[in-house]
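Colleague: task: produce atomic coordinates for the following.
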Amino acid sequence: MKTLETWLKSRGITEVECLVPDMSGIARGKIFPSDKFISASRDHGLRIPEQIFAQTVTGDYPDDAEKVCDPAGVDVYMQPDPDTIRNVPWYDEPTAQIIADCFYLDESPVDMAPRQVLRRVLALYAAQGWKPIVAPELEFYLVKVNPDWDIPLEPPIGRSGRPESGRQAYGVDAVNEFDPLFEELYDHCEAQNLDVDTLTHEAGAAQMEINFDHGDALALADQVFLFKRTVRETAIRHKVYATFMAKPMETEPGSSMHIHQSLLDVKTGRNVFSTRGGKDSSLFRNYIGGLQRYLPAAMPLLAPNVNSYRRLRRYSDAPINLHWGLDNRTVGLRVPISPPAQRRVENRVAGADANPYLVIAATLACGYLG
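Modeller: Numbering: from 1, shown residues only. As a prediction, this is how the structure comes out:
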């Protein structure tokens, strides 16, 4: 905790946002004055109701929420993860954000918390001497400000003064329609140490995709969680909305969250999906087999909302099967052409509306079972 205190004081931080990813990947939590955050952290004083893990994407509670959480509405305490401390670059007041894990008052972890779910899956790999490496690709739409929930979403007005009306996949000039927004978005990501890589225009009107650099599974889930929040905030500052709905507009393509995944031997650093001769290893084929067999049971995590299933349709890049293929975007499991050291499989099934912790946990668990 002394390290956190030093970090906050050295940057003149006055407020701290303590964030907990809920089941929908929405940031729940509390905002503290910096000194109160430090003092409360020392004696489990960062409390929040366990019921945040029963909230739906709209903030409501299901009728049978008591099956998930204690009906008494008990408190859990938030344990900040020092590795996740970051500046919040869009506030005038010096503000930090930190992601917290949740524990019951007897110090046992809240097992249903999405971050804890992913930790448990990663522990299975660690016991085998393996380290999963993932690289998410996240699609989203920019849309015109729409204060009425009942009115269909529309593409926003770009620098040209016209809304997009056609397909502009990989169009550089189409991205530049919103250049000031993306310039600030990259600045915000850099300020938070979010390892975003390429930005491309996707097939939909004002639909974009951001790729993340590959790395540790938990760290990348944290980054996707924070990136979604960052995009929404940046868009609002430029008088448009950003949405990660799987199918926000009926006549436009859906938005996905693709997860590239590979597996390293912790001792040697070698990609175990390849043999020493550079061929596909039997472990790689078994991993794909696990994805094919068990991903159907994980669909509530990959497609968590009614709208999610509107994205999955024929004759689109949204897969309706769990076949695998080499450099084939019509299948659910794509194996990109790559050198042996980069051998990986891309899970293309999940929607952009899904919780990144649960999507990564689900795909790694299915592969592990294979």
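Colleague: need phi/psi at the closest residue to residue 191 other than its chain neighbours.
Modeller: Once flanking residues are discounted, residue 191 sits nearest to residue 89: 3.9 Å by C-beta to C-beta, 6 or more residues apart in numbering. The way it works is simple: take the backbone N, C-alpha and C, and place the C-beta from them, glycine included. When read as degrees, to the nearest 10, the backbone of residue 89 gives phi -80, psi -10.
Colleague: surely residue 89 meets residue 187?
Modeller: Yes - Residue 89 is within contact range of residue 187, at 7.0 Å (criterion: C-beta atoms under 8 Å).
Colleague: what about residue 235, is that helix, strand or coil?
Modeller: When classified by DSSP: H, G, I helix; E, B strand; the rest coil, residue 235 comes out as helix.
Colleague: find the nearest non-adjacent residue to it, please.
Modeller: residue 242 (3.9 Å).
Colleague: strand partners (parallel or antiparallel) of the helix or strand harbouring the one you found?
Modeller: Following DSSP states H and E, one finds residue 242 within strand 241-243. Sheet pairing here is set by DSSP bridges, and for strand 241-243 it gives strand 130-143 (antiparallel).
Colleague: how far off centre is the partner strand?
Modeller: 7 Å (C-alpha atoms, centre = their mean, to the nearest Å).
Colleague: how many other residues sit next to the residue nearest to residue 191?
Modeller: 16 (other C-beta atoms under 10 Å).
Colleague: same question for residue 293.
Modeller: Neighbours of residue 293 under the rule other C-beta under 10 Å: 13.
Colleague: now name the helix or strand holding it.
Modeller: Assigned by DSSP H and E, residue 293 falls in helix 282-294.
Colleague: all helices for this structure, in order.
Modeller: Per DSSP state H, the chain carries helices over the ranges 2-10, 34-41, 114-127, 172-176, 179-191, 217-237, 282-294, 299-302, 308-311, 356-369.
Colleague: could I get these as TSV with distance to residue 320 and mean pLDDT?
Modeller: Listed next are the helices of the chain as TSV, based on distance: least, C-beta to C-beta, whole Å; pLDDT from 0 to 100:
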stretch	distance to residue 320	mean pLDDT
helix 2-10	47	89
helix 34-41	47	92
helix 114-127	26	98
helix 172-176	28	89
helix 179-191	32	96
helix 217-237	24	98
helix 282-294	14	97
helix 299-302	12	97
helix 308-311	10	94
helix 356-369	17	98
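Colleague: most tightly packed of those?
Modeller: Per residue and on average, the most neighbours among the helices of the chain fall to helix 356-369, with a mean of 25 (mean count of other C-beta atoms under 10 Å).
Colleague: that helix vs helix 282-294, what angle?
Modeller: Calculated by axes from the mean of the first three to the mean of the last three C-alpha atoms, to 10 degrees, helix 356-369 forms an angle of 120 degrees with helix 282-294.
Colleague: residues in contact with helix 356-369: which ones?
Modeller: Helix 356-369 has contacts (C-beta atoms under 8 Å, 6 or more residues apart in numbering) with 21, 23, 25, 114-115, 117-118, 120-122, 124-125, 132, 134, 136, 217, 220-221, 224-225, 257, 259, 261, 287-288, 290-291, 293-295, 298, 301-302, 304, 345, 347, 350.
Colleague: low-confidence ranges in this protein?
Modeller: Where the chain drops to pLDDT under 70, the residues are 1-2, 166.
Colleague: now tell me what touches the helix holding residue 293 from outside.
Modeller: For helix 282-294, contacts defined as C-beta under 8 Å, 6+ apart pick out 263, 272-274, 322-324, 333, 335, 343, 345, 347, 363, 365-370.
Colleague: any idea how far the residue lying farthest from the centre of the chain lies from residue 159?
Modeller: For the chain, the largest distance from the centre (C-alpha atoms, centre = their mean) belongs to residue 277, which lies 34.7 Å off. Distance, residue 277 to residue 159, using C-beta to C-beta, to the nearest Å: 52 Å.
Colleague: before we move on, what about residue 231?
Modeller: Counting by C-beta to C-beta, the gap from residue 231 to residue 159 is 19 Å.
Colleague: try residue 225
Modeller: Distance from residue 225 to residue 159, by C-beta to C-beta: 30 Å.
Colleague: same deal with residue 330?
Modeller: Residue 330 is 35 Å from residue 159, by C-beta to C-beta.
Colleague: who has more neighbours, the two?
Modeller: When residue 330 and residue 159 are compared for neighbours, residue 330 comes out ahead with 15 against 12, by other C-beta under 10 Å.
Colleague: good, wrapping up.
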